[in-house]
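Undergrad: Here is a sequence with its predicted model. Questions after.
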Amino acid sequence: MTTIERPRYRAVGEREPRLEGLHKVTGRSVYAADVQLPGMLHARLVLSPHPHARITALDTEAALGHPGVVAVVTADDLARAARDGSNPARGASNRADALFADREVVFAGQPVAAVLGESYAAAEEGAELVHVEYEMLPAVLDMEAAMEPDSPLARSPVSDIDHTEEDAHVTIDVRSEEAEGRATNIASHVSFERGDLDEGFARADFTVERSYRAALVHQGYIEPHATVAAYDAATGEVSVWTSTQGQFHVRDTLMRLFKLPETKLRVVGCELGGGFGGKMIQSATVATACALVAERPVKLVFTRREDLLAATPTPGSVVRLRSGITSEGDLTALEATVIYDAGAFPGAPAAVGSLLISSFYRWPNLRTDGYEVLTNHVSVGAIRAPGIHNITHALEQQIDAMARGVGLDPADVRLRNAARTGDLMASGKPFPSIGMAETIEAAAAHPIWTRRDAARARSTETTKVGVGLAVSGWLGGLQPASCELMLNSDGTLNAVVGVMDISGVNTSFAQIVAEELAIPVESVSVNTGDTRTAPYAGIAAGSKTTITMGRALREAAIDVREQMFAIAADQLEANPADMVLAEGEVQVAGSPDRALTFRRLAAITTGFGSLYTPIVGKGAISARVQAPGFTAQLAELEVDTVSGNITLTRWATVQDAGYAINPLSVEGQMEGGTGMGIGIGLSEEYLYDDEGHLRNAGLLDYRMPTAADTPDIDSVIVEVPSEEGPYGARGVGEPSITAGGAAIANAIHDALGVRVAEMPATPERVLRALGRLAD
Amino acid sequence: MARQTHLLRVNGREHEILAEPNRTLLEVVRDDLRLTGAKEGCGTGDCGACTMLVDGRIVTSCLMLWPEAGGHEVRTIEGLADGSALHPLQRAFIEHGAVQCGFCIPGMILAGVATLERTPGATRAEIRDGIAGNLCRCTGYQKIVDAIESVAQAPAGRD
């Protein structure tokens, strides 16, 4: 924690253990795969083994004849799922709509059919009996080659790209131009320009030109995608229990795909076993289609292999940079090309990645081109701050190289050029309140940075020690939010929200209500309703839940307070403006004996013949101003120059939280994102063979960090208030993932004097950079 | 496959189970006994979400066929608390903020129990090794190690 004086509150700002912790440590929480319904069928998927092919025959007869198999559902059958007989899979432009491959498969692992069985085993055996014939089409596997005008196309042209899902993660004004006619694999192109590049480079005393690559990686949630969907033909009711970050997003998509009236559609977002941007809808669409076709409840739980092959991991990238700096440390020019491998459907974050690589520092002259390129890799989705760990890995190595080139401290160069509140982003829109500079200052003062010479002095002949710094951030998203808050008979309060609690937000909401009503946190119950019982809420993504729904809770609590004050004033023959709260009572200010307890207020607003209305508070907000969060991370590591192996020895993550409503949760978000950044930096990578098949579709070979791979993480919270977040809070979920890979890369350079330009920095790549392995 | 009957002792209670012998311990405990605390995260023994204790030893129950557990003492997360009295590790996980999404937590806590039974007073490094078979994606392991360490350093016995 910083030593800056924090505003004093009674409930917010305290380290509050999670409300639902007890359920989780005793195994009581219900996740989607835990749901079991009478008569429930099990669905198993048939996946395409080929990255690009035409389906010439699909024979389900043998599967249907297998004991226990009830139905096989393919793209052709989806017209039976939609209530108006339309087929949602026909010409689907985005991944959420393309439930099954429709005549053409566009990535290895794409679902082709689902087999429904009375038991899991029957469905699994049936899936092996579905016979599919394919005619191979050329597979497009290299994003740079795919951009060439003569490249084969990764897929047949589609139109009308739906951006709903990516808009959930970030709110930016830039909309990339989409390639016309789709005669190319470039799904979108965005560019930013400022000043005069030639002039900028002419003014530079030192120029760096480099190319960087980042691998395609998976979000790595431990709970695979899971849904139980039920359709009751008698009532027309559809109920869906699913693992999602956004139950209203699932509801709206199911309504649109299957033409279901929302009065008959109930989506229950279950306890979520991790999402990180990747848990939107993949299993819910397929399971619901199956339930509608079979008219039975259906459970679909992805295997880990299916989740790696057929969910929505996050894109690999190529970033080419040329940039200049003066000997005083002023950045003069940036020329950037940012390419994301979108896989087989559009959805890569080219616009926001290009915007942020151009906007974190004050470049007087710049030109950035961002591309989203279609290939026959798995289609991608979001991860914490989608696309930003990629550009940070490039930009922050570039800054480090430039600072070293002119003999300046890399932290000083960053601070000197960092964007400040009100600076124009490359889009021309000003940054709202940001704490980038304060974050860098806190990192530069951290002992890992100030004592880095002592760390380096530990180096031996074969063990080299280095320290790296990297800085990054995330704009965050905006979405309206609403909630209800009701006074209970015993004087406690129940809140109903429709947003998924993926990061401890319900606990923060309870703190906010407790704060505004001057009661203990234990007197507030925050309940996640389903899509028919909760008021509207956006997707829990984009680091926006606390800053939007938290504000709604604050409004609802203020609404409750005002209702209480009006009733109490009437009862106590006083002025509502003279009412105050104290320990579960409404009192007349200065006369604590003239008071009504919350319990009494509940009684006189709910009893027979009551003159007053029940106390129900409403909070509904539409957020206008983003609350970007910045992070600065310090990695200290040892490189074994014989094996290329890297051991992280110390780590610090500094982050601007605006105001930490629950520092325990904020640290949790910082540490979790840091852990993911470490994996992305060191070991995680989709490995494809030359034909486009994933070689490591399992958790033994897709290598996420274990506790033994992870160092102790020192979390340092900086608090620069945001404009609109409750109590000044900012979104904290996403920035923490962005800088780890870059901090590791800079530490490797610090240790070895060479750069590993490709992420993850595996031992093999380290040895290559050292010239000890041939390319 | 022909079903078999075996006695399965889970959390101190004996169950007579009739099931196909090629099903895993995880499947039978979750689907037949409806104890869903143990989770399936990978099905290949790599993530540890399905961790149970069999005779006090860590087992990835997604890799063990259920008849193999016959005659042994199986412990799941549901059997760790004594009524409403939590095991010290359960309490420590809550208080230290070690619980986020919670999906890995039942397995992680049992791995912590086994680690501390094997190595009382374990150091942070020993704790990290002890839970290295259990993946967590939410916490960076920081507060999980903090929680287990707090119990390792506490005076012996249940408080």
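TA: Yep, that arrived.
Undergrad: CA atoms of the one helix or strand A:F248 maps to as PDB?
TA: Assessed by DSSP states H and E, A:F248 sits inside helix A:247-258. The C-alpha trace of helix A:247-258 is given here as PDB (Å, rounded to 0.1, in the frame of the first residue of the first chain):
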ATOM      1  CA  GLN A 247     -25.800 -13.800 -18.500                       C
ATOM      2  CA  PHE A 248     -27.700 -11.000 -20.200                       C
ATOM      3  CA  HIS A 249     -25.300 -11.400 -23.200                       C
ATOM      4  CA  VAL A 250     -26.200 -15.100 -23.300                       C
ATOM      5  CA  ARG A 251     -29.900 -14.300 -23.000                       C
ATOM      6  CA  ASP A 252     -29.700 -11.700 -25.900                       C
ATOM      7  CA  THR A 253     -27.700 -14.000 -28.100                       C
ATOM      8  CA  LEU A 254     -30.000 -17.000 -27.500                       C
ATOM      9  CA  MET A 255     -33.000 -14.800 -28.200                       C
ATOM     10  CA  ARG A 256     -31.500 -13.600 -31.400                       C
ATOM     11  CA  LEU A 257     -30.300 -17.000 -32.600                       C
ATOM     12  CA  PHE A 258     -33.400 -19.100 -31.800                       C
END
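Undergrad: now for the helix or strand that comes right after it, which elements pack on it?
TA: Downstream of helix A:247-258, the first helix or strand assigned by DSSP H and E is strand A:265-269. When contacts are defined as 3 or more C-beta pairs under 8 Å, 6 or more residues apart in numbering or on different chains; DSSP states H and E, strand A:265-269 packs onto strand A:237-242, helix A:247-258. Any C-beta I mention is one placed from the backbone N, CA and C, and that applies to glycine too.
Undergrad: between the ones you listed, which one is nearest to chain B?
TA: strand A:237-242 (13.0 Å; C-beta to the nearest C-beta).
Undergrad: quick one, phi/psi of the closest residue to A:A566 other than its chain neighbours?
TA: Counting by C-beta to C-beta, 6 or more residues apart in numbering or on different chains, A:A566 lies nearest to A:P576, which is 5.1 Å off, once chain neighbours are set aside. A:P576 adopts backbone torsions of phi -50, psi -30, taken as degrees, to the nearest 10.
Undergrad: who touches A:P576 in this structure?
TA: Under the criterion of C-beta atoms under 8 Å, 6 or more residues apart in numbering or on different chains, the neighbours of A:P576 are A:562, A:565-566, A:568-569.
Undergrad: Based on its surroundings, how many neighbours for A:N94?
TA: Counted with other C-beta atoms under 10 Å in any protein chain shown, the neighbours of A:N94 add up to 18.
Undergrad: ok, it to chain B distance?
TA: For A:N94, the distance to chain B equals 26 Å [C-beta to the nearest C-beta, to the nearest Å].
Undergrad: contacting residues around the residue of chain B found nearest chain A?
TA: Going by C-beta to the nearest C-beta, chain A is nearest to B:G37 of chain B, at 2.1 Å. Residues in contact with B:G37, defined by C-beta under 8 Å, 6+ apart, are A:26-28, B:76-78, B:106.
Undergrad: quick one on the thing from earlier: with distance to A:P735, mean pLDDT and mean neighbour count added, can I get the helices and strands packed on strand A:265-269 in JSON lines?
TA: Formatted as JSON lines, the helices and strands packed on strand A:265-269 follow (distance: least, C-beta to C-beta, whole Å; pLDDT from 0 to 100; neighbours: other C-beta atoms under 10 Å in any protein chain shown):
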{"stretch": "strand A:237-242", "distance to A:P735": "28", "mean pLDDT": "98", "mean neighbour count": "24"}
{"stretch": "helix A:247-258", "distance to A:P735": "23", "mean pLDDT": "96", "mean neighbour count": "23"}
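Undergrad: would you list those in CSV and tack on distance to chain B?
TA: Below are the helices and strands packed on strand A:265-269 laid out as CSV (distance: least, C-beta to the nearest C-beta, whole Å):
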stretch, distance to chain B
strand A:237-242, 13
helix A:247-258, 16
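Undergrad: Those into a markdown table, with extra columns for distance to A:G200?
TA: Output for these, formatted as a markdown table (distance: least, C-beta to C-beta, whole Å):
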| stretch | distance to A:G200 |
| --- | --- |
| strand A:237-242 | 50 |
| helix A:247-258 | 43 |
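Undergrad: So which of the contacts of B:G37 wins on neighbours?
TA: Within those, B:P106 tops the neighbour count with 31 neighbours, counted by other C-beta under 10 Å.
Undergrad: So what does that one look like in phi/psi?
TA: Taking degrees, to the nearest 10 as the convention, B:P106 sits at phi -60, psi -50.
Undergrad: Quick check: chain neighbours aside, which residue is closest to it?
TA: B:I77 (3.5 Å).
Undergrad: List the residues that contact the one you found.
TA: Taking C-beta under 8 Å, 6+ apart, we find B:I77 in contact with A:25-27, B:37-38, B:105-107, B:109-110.
Undergrad: Using a markdown table, lay out those together with secondary structure and pLDDT.
TA: Output for those, formatted as a markdown table (DSSP: H, G, I helix; E, B strand; the rest coil; pLDDT from 0 to 100):
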| residue | secondary structure | pLDDT |
| --- | --- | --- |
| A:V25 | helix | 98 |
| A:T26 | coil | 98 |
| A:G27 | coil | 97 |
| B:G37 | coil | 98 |
| B:A38 | coil | 98 |
| B:I105 | helix | 98 |
| B:P106 | helix | 98 |
| B:G107 | helix | 98 |
| B:I109 | helix | 98 |
| B:L110 | helix | 98 |
